[in-house]
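1. when you get a sec, could you give me coordinates for this:
(one chain, ligands or ions: 1)
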Amino acid sequence: MSNEINRVPHAAGNGLLDRRLFLRSAIAGASTLALTAPSIAQWVGEGQPASMLTPGSGMEAYGLPAKSELERVKRWTIPPGSGGRPMSWGGLTPHHLLHGTITPNGLHFELNHQGIPDIDPQQHSVVIHGMVRQAAKYTVEQLENYPTVTRQHFLECAGNSSVLAADKPADPVMTLTRTHGLLSASEWTGVPLATLLDECGVEKGARWLVVEGGDSGSTTRSIPLSKAMDDSMIAIFQNGERLRPGNGYPMRLFNPGYEGNTSIKWVRSIYVSDKPVHSRFETSKYTDLMKDDVSLQFTLEMGCKSVITRPSNTSKLSRHGVYEITGLAWSGAGKVRKVEVSADGGKTWAEAELQVPVQSKMLTRFRIPWQWRGQPAVLQSRVYDEKNSCQPTRKELLAAIGGYRHYHYNAIHSWSVDKSGEISHVFA
Ligand code: CO
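-> As a prediction, the model looks like this:
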């Protein structure tokens, strides 16, 4: 087996192997333990586990994960008021514990600036008004009877990874939940906003929508009309079921590829206007302070970004051999074109395999085999999107935003592996 591994072409320095390696089954089994005849006989023949001796339990009307999974896989929630000042509730997705590209509804991230409103779906509707020929009101029931679209998209908070923008040393035990947990992906079903706007008849000269949520702080954002006519929707289903309360039940605006805060939850009013409103959430928050004391407003599209989800610093490499390095890549501008992985801190790069289908404004999983023989390594990934944007290094990004901006942090992330297989979060 090891001879065969040695014949596999190296794709880059420090043990990165050709991305097609795992397609060759003989080598893909390199890390599987061979069973001996006595151990097979013991497993198959000698006695049965308790689960085979008595009938199992019944089922719940609404299924839940296994008890041990509920304990193992949890969001990390940040209560408000920490640090003695009012803050927003957050629930962050543990990507190092998940696989595939869809985030389970119970683990989808939330950032609730004023808590989660308790809304009766029978009493709720969204009103489209302002510069339209005919204002209209839509209930959930009415929206369900419009032609809907279903698409898979990521949702990322503008502040995702902002903890890494501070000019401080890297915390070696800081997990992916903390650094990249304000990111999730779902299959969203809803009515294209363009359908409803066309029905109301947008007047000439309209350029913006002022969209308000039904929460106690009336979260309000201005959305370019061009975006709404392109691919925004009023979402009512998430991964096949009605939205969860923390994700906007019973209806939310969803703007694919835009910073999460613009996808107004519990949406109740869409005011068509010729100008943006400069709300609290686009002046005191979600603006990007630059070096020259100027703030950028309406930086709405999320940049291209990727991160290795496995291995990560919550586990240790326990044996020498071939590992799969895997992670997620995405871009608010469209599709992921290419992901490259480095095992030597960015000196050399190899192209990773992309899981198909690669979808626009959606998480794309990448993978590449890596041979670890106990050598120290720094594992990194970088993405190129279809508009040819490339993920910056942390140094490049900080030189551009230097201690000011903390939204839209999309730099390359680094895992350091030492001789013993310990993994740490580092800046490299
Ligand atoms: Co922004």
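2. do you know how far L97 is from V383?
-> 22 Å (C-beta to C-beta, to the nearest Å). C-beta here means a position set from N, CA and C on the backbone, and glycine is covered the same way.
3. contacts only, for the closest residue to V149 other than its chain neighbours.
-> Leaving aside its chain neighbours, V149 sits nearest to P192 (5.7 Å; criterion: C-beta to C-beta, 6 or more residues apart in numbering). By C-beta atoms under 8 Å, 6 or more residues apart in numbering, the contact list for P192 reads 149, 231-233.
4. out of L97 and V383, which sits in the busier spot?
-> V383 (28 against 18; other C-beta atoms under 10 Å).
5. in three-state terms, label that one for me.
-> strand (DSSP: H, G, I helix; E, B strand; the rest coil).
6. what sits against it?
-> 304-306, 329-331, 336, 338-339, 390-391.
7. please spell out the ChimeraX selection for the buried subset of these.
-> Listed next is the ChimeraX selection for buried residues among those, using 16 or more other C-beta atoms under 10 Å:
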select :304,305,306,329,330,331,336,338,339,391
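8. bridged to the closest residue to V8 other than its chain neighbours, which residues?
-> Distance criterion C-beta to C-beta, 6+ apart; nearest residue to V8, sequence neighbours excluded, is L17 at 5.1 Å. Counting by DSSP bridges, L17 is bridged to H10.
9. show me the contacts for the closest residue to the ion within the stretch 201-350 of the chain.
-> Going by C-beta to the ion, the ion is nearest to T299 of the stretch 201-350 of the chain, at 3.5 Å. Residues in contact with T299, defined by C-beta under 8 Å, 6+ apart, are 158, 259, 287-288, 407-408.
10. so which of these wins on neighbours?
-> Neighbour max across the contacts of T299 (other C-beta under 10 Å) = H408, 25 neighbours.
11. confirm that that one sits in a strand.
-> No - secondary structure of H408 (three-state DSSP): coil, not part of a strand.
12. these two touch, right, it and C304?
-> No - when contacts are counted by C-beta atoms under 8 Å, H408 is not listed as touching C304 (11.1 Å).
13. and the residue nearest to V149, how far from the ion?
-> P192 sits 24 Å away from the ion, going by C-beta to the ion, to the nearest Å.
14. where exactly do the helices run in the stretch 201-350 of the chain?
-> 225-230 (DSSP state H, counting those that start in this stretch).
15. L70 in helix, strand or coil?
-> helix.
16. can you tell me how far it is from the ion?
-> Counting by C-beta to the ion, the gap from L70 to the ion is 34 Å.
17. from what I can see that residue touches L64, true?
-> Yes - the criterion here is C-beta under 8 Å, and L70 meets it with L64 at 6.7 Å.
18. residues in contact with the one helix or strand H153 maps to?
-> Secondary structure from DSSP states H and E places H153 in strand 149-156. Strand 149-156 has contacts (C-beta under 8 Å, 6+ apart) with 101-102, 108-109, 182-192, 233, 237, 254, 256-257, 259-260, 263, 302, 305, 330, 332, 359, 361-363.
19. go again with 6 Å.
-> Contacts to strand 149-156, defined as C-beta atoms under 6 Å, 6 or more residues apart in numbering, come from residues 183-185, 187-189, 192, 256, 260, 302, 330, 359, 361-363.
20. re the thing from before, near the ion, from the contacts of T299?
-> 158, 259 (C-beta under 5 Å from the ion).
21. could the contacts of T299 go into TSV alongside pLDDT?
-> As requested, the contacts of T299 are exported to TSV (pLDDT from 0 to 100):
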residue	pLDDT
A158	96
E259	98
T287	89
D288	88
Y407	93
H408	95
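22. pLDDT wise, what is L33 at?
-> On the pLDDT scale, L33 is placed at 62.
23. filter the contacts of strand 149-156 to the buried ones?
-> 183-185, 188-189, 192, 256, 260, 302, 330, 359, 361-363.
24. what secondary structure does E60 sit in?
-> Applying three-state DSSP: E60 is coil.
25. phi and psi next, for it.
-> Main-chain torsions, E60, degrees, to the nearest 10: phi -90, psi 150.
26. mind starting the numbering at 21 from now?
-> All set: I'll call the first residue 21, so the last point we hit is now E80.
27. count of neighbours near it?
-> So E80, with other C-beta under 10 Å, has 7 neighbours.
28. what's the distance between M72 and G65?
-> In terms of C-beta to C-beta, M72 sits 13 Å off from G65.
29. kindly report the same for S145.
-> 64 Å.
30. what pLDDT is listed against the residue of the stretch 21-170 of the chain found nearest the ion?
-> The stretch 21-170 of the chain approaches the ion most closely through L131 (13.8 Å), counting by C-beta to the ion. Looking at L131, its pLDDT is 93.
31. wait, what's in contact with the spatially closest residue to C410 that is not a sequence neighbour?
-> Nearest non-adjacent residue to C410, counting by C-beta to C-beta, 6+ apart: Y404, 5.1 Å away. Taking C-beta under 6 Å, 6+ apart, we find Y404 in contact with 357-358, 410.
32. and the strands in the stretch 71-220 of the chain?
-> 96-98, 109-112, 130-132, 145-150, 156-159, 169-176, 203-212 (DSSP state E, counting those that start in this stretch).
33. highest mean neighbour count out of those strands?
-> strand 203-212 (a mean of 23; mean count of other C-beta atoms under 10 Å).
34. can I get that one in PDB, CA atoms only?
-> Listed next in PDB are the C-alpha coordinates belonging to strand 203-212 (Å, rounded to 0.1, in the frame of the first residue of the first chain):
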ATOM      1  CA  LEU A 203     -22.300  31.500   7.900                       C
ATOM      2  CA  SER A 204     -24.800  28.900   6.900                       C
ATOM      3  CA  ALA A 205     -26.500  27.500   3.800                       C
ATOM      4  CA  SER A 206     -30.000  26.300   3.000                       C
ATOM      5  CA  GLU A 207     -32.400  25.500   0.300                       C
ATOM      6  CA  TRP A 208     -34.700  28.500   0.300                       C
ATOM      7  CA  THR A 209     -38.200  28.500  -1.200                       C
ATOM      8  CA  GLY A 210     -40.200  31.700  -1.800                       C
ATOM      9  CA  VAL A 211     -41.700  34.100  -4.200                       C
ATOM     10  CA  PRO A 212     -39.400  36.200  -6.400                       C
END
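35. now do that strand, average pLDDT.
-> On average, strand 203-212 scores 98.
36. just stretch 251-266 next, same as before
-> 98.
37. ditto for stretch 153-161
-> Rounded mean pLDDT across stretch 153-161 is 98.
38. any stretches of the stretch 271-420 of the chain with poor pLDDT?
-> Judged against pLDDT under 70, the stretch 271-420 of the chain has no low-scoring part.
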